[in-house]
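[1] Predicted model and sequence follow; I will ask about them next.
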Amino acid sequence: MKQSIVTLDMEGVLTPEIWIAVAERTGIPELRRTTREEPDYDKLMRYRIDLMDLHGITLPKIQEVIASLSLLPGALEFLTELRRRTQVIILSDTFEQFAQPFLRQMGWPTLFCHRLLVEGARISGYELRMVDQKKHAVAALQSLNFNVIAAGDSFNDTSMLCEADHGFLFNAPENVIRQFPQFPAIEDYDELLKRIAAHV
């Protein structure tokens with residue numbers, strides 16, 4: 001029997017959506033747009049960078065918002081129990097410069113993510129670790145003879161879920177659930193833990 005490994009999205013699954021929190025704190029509602037609404041990640045990031053330039057939002061300002069956020073209720077207990085049972089890697093389209101406060105709260109799990117390009121305090125662009133990194137990470141783990149179980153909530157998680165041996169939508173919006181009915185849609189951590197444990 002193969003050893004198992006779990007890959008989880010971060011925002012919306014374990015943590016709040018960073019950009020929504022920034023939108024609320026800065027009063028810029030356009031920053032609420034996420035991969036739940038815009039599947040084209042490059043288009044979404046260029047839109048965000050333009051908005052930040054327009055409103056003078058700097059990296060330290062965003063980091064200040066992130067530092068004030070907590071994990072989603074129940075997320076730490078879920079992650080702790082899951083890591084007790086199996087290995088976990090977080091695959092996220094967030095950035096190294098954003099993730100540190102959350103990683104600290106989660107007990108420093110392994111995270112694969114991207115990197116922001118910063119000039120002074122201004123976010124000037126971003127550098128993908130690789131295109132469709134979530135899907136490629138799952139395929140690479142499978143090539144190492146792992147049984148991969150994945151969970152995510154957005155359009156940008158669906159290639160990871162499709163690639164995985166078992167995929168689950170967690171707290172996903174209706175438009176994602178409708179478009180990907182092949183994945184069980186789960187809404188609480190106890191149920192997700194149960195479903196994952198059945199495949200570990």
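    Sure, I can see it. Keep in mind that what you see is a predicted model, and the values were worked out from it rather than measured. Numbering: from 1, shown residues only.
[2] counting contacts, what elements does the helix or strand hosting T7 pack onto?
    Assigning secondary structure by DSSP states H and E places T7 in strand 3-8. With contacts defined as 3 or more Cβ pairs under 8 Å, 6 or more residues apart in numbering; DSSP states H and E, strand 3-8 has these neighbours: strand 87-95, helix 133-143, strand 146-152. C-betas here are computed from N, CA, C, even on glycine.
[3] starting at the chain centroid, how far to it?
    15 Å (Cα atoms, centre = their mean, to the nearest Å).
[4] Now do Q182 against A164, distance only.
    Noted for Q182: a distance of 12 Å to A164, by Cβ to Cβ, to the nearest Å.
[5] do T34 as well
    Using Cβ to Cβ, T34 is found at 22 Å from A164.
[6] picking that back up, ok, Q182 and A164, which is more surrounded?
    A164 (27 against 9; other Cβ atoms under 10 Å).
[7] Now do the contacts for E11.
    Contact analysis of E11 by Cβ atoms under 8 Å, 6 or more residues apart in numbering lists E17, I18, T34, S92, T94.
[8] Need the pLDDT of it.
    For E11, the model assigns a pLDDT of 94.
[9] who touches the strand holding T7?
    14, 79, 82, 86-91, 134, 137-138, 141, 145-152, 160, 164, 196, 199-200.
[10] hmm, which of the residues you listed are the buried ones?
    Buried subset of these (neighbour count, 16 or more other Cβ atoms under 10 Å): 14, 79, 82, 86-91, 134, 137-138, 141, 146-152, 160, 164, 196.
[11] circling back to that earlier point, hmm, which of the contacts of E11 is lowest in pLDDT?
    Taking the contacts of E11 together, the minimum pLDDT is found at T34 (79).
[12] follow-up on the earlier one: any residues in contact with both of Q182 and A164?
    Overlap of the contact sets of Q182 and A164 (by Cβ under 8 Å, 6+ apart) is empty.
[13] low-scoring stretches of this structure, by residue?
    Along the chain, no part satisfies pLDDT under 70.
[14] thought E96 was touching L116?
    Yes - shown here, E96 and L116 form a contact pair, counting by Cβ atoms under 8 Å, at 7.5 Å.
[15] So for those two, which sits in the more crowded spot?
    Per other Cβ under 10 Å, whichever of E96 and L116 has more neighbours is L116, with 18 against 14.
[16] Can you list the buried residues in the helix or strand containing the more buried one?
    Element membership for L116, per DSSP H and E: strand 110-119. By neighbour count on 16+ other Cβ under 10 Å, the buried set for strand 110-119 is L111, F112, C113, H114, L116, V118.
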